[in-house]
Structures are given as C-alpha cells and as structure tokens.
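Undergrad: the sequence isn't on hand, but the structure is:
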C-alpha cells in the first residue's frame, strides 16, 4: 500500500532520530585547529518542545511513539504551511489591497527541526518539568496582549522597572516599555537559549585558542567568553549578557555566566518575566552529538528568585546559512510616537484638545 509523503517523512525522521539518540554517547566530534571539539558554525535552536511540561505528562520526560509520530508529522508540514500562506497572501494582494503582514512574518520564520527534541518539556529538573516556586516577594511580570501594547490596566504589574520583553507595563515613560520594544534585549539574545518563537533563533559559535564567541542573530550582543582560568569581572560591572568564563569538560564546552544586569529577568521569555537576574548564575553545556546536531543543557541557579534550580535541555541543528544584521527599527521609531501619544492623552485630560 502506498504511503502519503507525510507518512514517509515521519518514518524517515523517526528512523534517523533513533541512532542519534542511542549513539550520541559514542559520537566523536571532529577537532578544530586547536584540538578542541569543532563547534564552529551557525546553529539554529528552533525547538517546538514546550519550556514547561504540560501537567498531563506528570513526571514523564520523553514522548511515546504515538506522540513522537504526531510531532514529526507536525514538523513535516510546518514549512509547507508557511509557503502556502505566503502564496495565499500574495494572491490576495493582487486581487484586493490588504494590510495583512503575514507574508512578511512567515517568510522570516523557520520551523524545521532536523535534530528534534523528543522530550515532553525543555525543563528536566525539577522532576515535574515545571518552573519551581518563586521566593516570597518575587515580582512576576506578564506582557499585555499584543492588541493592547500600553497595557491600560489589563495586566497588573506591581513594581517597576519593566522586565518584560514585548509590550509595556504602561506607555507613560521610556522605562515602562518592554526590553525588546526598547531594542535592549530579546529572549534569544543571551542564554539560556529558550525558544521564544520561530524567529531569528540562530547563534554563531566561533572558537579560538583562548576565547569563544556566542553571537545570536537577534539582539546584536555577542558574548565573548574567556577560556583561560581568569576571574570574573567585578560584580559592579553588570551587563545584559553577564560576565562569562568557559572551560572544556571532555567534549563539552561549559560556560558559566554571572553578574547580569538587575533589570533583566531570571527567566526571560516572550510573554513572562520572573524576578531579577542580579544574583543568577547560569551554567551552559554545549555538546556536539552528531554532524549536524548539538545538545544544549542549561542550569539556572538563582536562589533569590526560585526555591530550586532549573535544568533544561534543548537541541541545536547546524544551519548552512549566515548570520544577518538585526536592525530594531520598530522600537527605534515607534517608541517616540507612543510616548508622544501618552503626552497628548495627558493634555486632553487637562482640558487641552490638540
């Protein structure tokens, strides 16, 4: 009996995935000119695995065969859906003018996962795959709906500063806008590399004898990681990407980062921000497990924000493409107009009608 192309694709992906999972421990990464495991290149960390485990899975870490088949089928059709949407929007534009930006947005999205993550969640510790309880008094900020970027009381945020990514806690002043809206920091800019969406999830790794550069496409903030055994920067020098030091443990590159800007959240995602990263220590492990596959493990140790550590695993796939410049013109231009709108509202409230 003939099988559909999607069914064949599912069978092929499942067949190819098993050897990677089972034999990764026997894989020997090629060496670079310095004798290190060769991590050089552009890697994509698009991963449709949810960050937190749906409660229906309980403590089960991996998907079963039926769930894997459904996931592979979804992955096989995602790029096709993207292409079809572009064609549909383009056709409608020829017939009737439209303000639908879907063609632009889907064009710049990338859905393929050549090295799929077979887990039920990225978080593997705590055992339930969920973000642990926060400490008393820790502020959790949530982004308002995209249709209401100035919030207008839809989401109650107790304290400033704004640590959310998109939107704003209000449009009253620049500091109230999300970090991405101000073009300062994005969920993909620095570790941990938690997929926020299917957009710009690319990181270029360059390894020299004494340094490693981790340059993500979204944000223009390369991390320069020293490999020598040297002290971290003084804790008073706190930056968005932190102070990083690296070392090799077998074939794994281990990067420890601390001294983050306190205005950055400990767990910083597209729609939610937990606490402050001021006391967070982030440990990342980059391990090449196949010719085009890299396993990324991260540990968030932040006792000021969470009652437990958070350990997660996501998968990187080699991407045969360059890193492009990311120019954040939406924030550069729109922020001025949104602040102007807030001032006009104040004038109207005082009886002026401009």
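TA: All right, it came through fine. None of the values given here were measured: they were computed from a predicted structure. Residues are numbered from 1 along each chain as shown.

Undergrad: so residue 69: helix, strand or coil?
TA: State at residue 69, reduced to three classes by DSSP: H, G, I helix; E, B strand; the rest coil: helix.

Undergrad: for residue 323, see how far away it is.
TA: Note on residue 69: its distance to residue 323, by C-beta to C-beta, to the nearest Å, is 34 Å. For the C-beta atoms, the positions are set from N, CA and C on the backbone; glycine is no exception.

Undergrad: may I see the buried residues of stretch 209-225?
TA: For stretch 209-225, the neighbour count (16 or more other C-beta atoms under 10 Å) marks 212, 214-219, 221-223, 225 as buried.

Undergrad: which SSE is residue 348 in?
TA: Using DSSP states H and E, residue 348 falls within helix 329-349.

Undergrad: give me the contacts around that helix.
TA: Helix 329-349 has contacts (C-beta atoms under 8 Å, 6 or more residues apart in numbering) with 149-150, 168, 171-174, 177, 180-183, 354.

Undergrad: how about those, which pair is most distant?
TA: Comparing all pairs in those by C-beta to C-beta, the longest separation belongs to 180 and 354, at 30.1 Å.

Undergrad: neighbour-wise, which of these two wins?
TA: A direct count of neighbours by other C-beta atoms under 10 Å for residue 180 and residue 354 places residue 180 higher, at 25 against 6.

Undergrad: contact partners for residue 253?
TA: 36-37, 39, 207, 212, 246-247, 285-287.

Undergrad: wait, I meant residue 42
TA: 202-205, 318-323.

Undergrad: separation between residue 209 and residue 227?
TA: Per C-beta to C-beta, residue 209 is found 8 Å from residue 227.

Undergrad: for the stretch 51-200 of the chain, what spans make up the helices?
TA: 65-95, 102-107 (DSSP state H, counting those that start in this stretch).

Undergrad: and the ones you listed, which one's lowest on average pLDDT?
TA: Comparing mean pLDDT across these, the weakest is helix 102-107, with a mean of 59.

Undergrad: give the bridge partners for residue 255, please.
TA: With DSSP bridges applied, residue 255 shows beta-bridge pairing to residue 246, residue 284.

Undergrad: so what's it scoring on pLDDT?
TA: 98.

Undergrad: for residue 273, same thing?
TA: 93.

Undergrad: what lines up beside the helix or strand that contains it in the sheet?
TA: Assigned by DSSP H and E, residue 273 belongs to strand 272-274. Looking at strand 272-274 with DSSP bridges, its partner strands are strand 140-142 (antiparallel), strand 267-268 (antiparallel).

Undergrad: which parts of the stretch 151-300 of the chain are strands?
TA: Along the stretch 151-300 of the chain, counting by DSSP state E, counting those that start in this stretch, strands occupy 202-207, 211-216, 223-226, 243-249, 252-258, 267-268, 272-274, 281-290, 293-301.

Undergrad: got the ones you listed as CSV, with distance to residue 130 columns?
TA: Putting the strands of the stretch 151-300 of the chain into CSV (distance: least, C-beta to C-beta, whole Å) gives the following:
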stretch, distance to residue 130
strand 202-207, 26
strand 211-216, 26
strand 223-226, 28
strand 243-249, 28
strand 252-258, 24
strand 267-268, 12
strand 272-274, 12
strand 281-290, 19
strand 293-301, 13
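
Undergrad: that'll do, ta.
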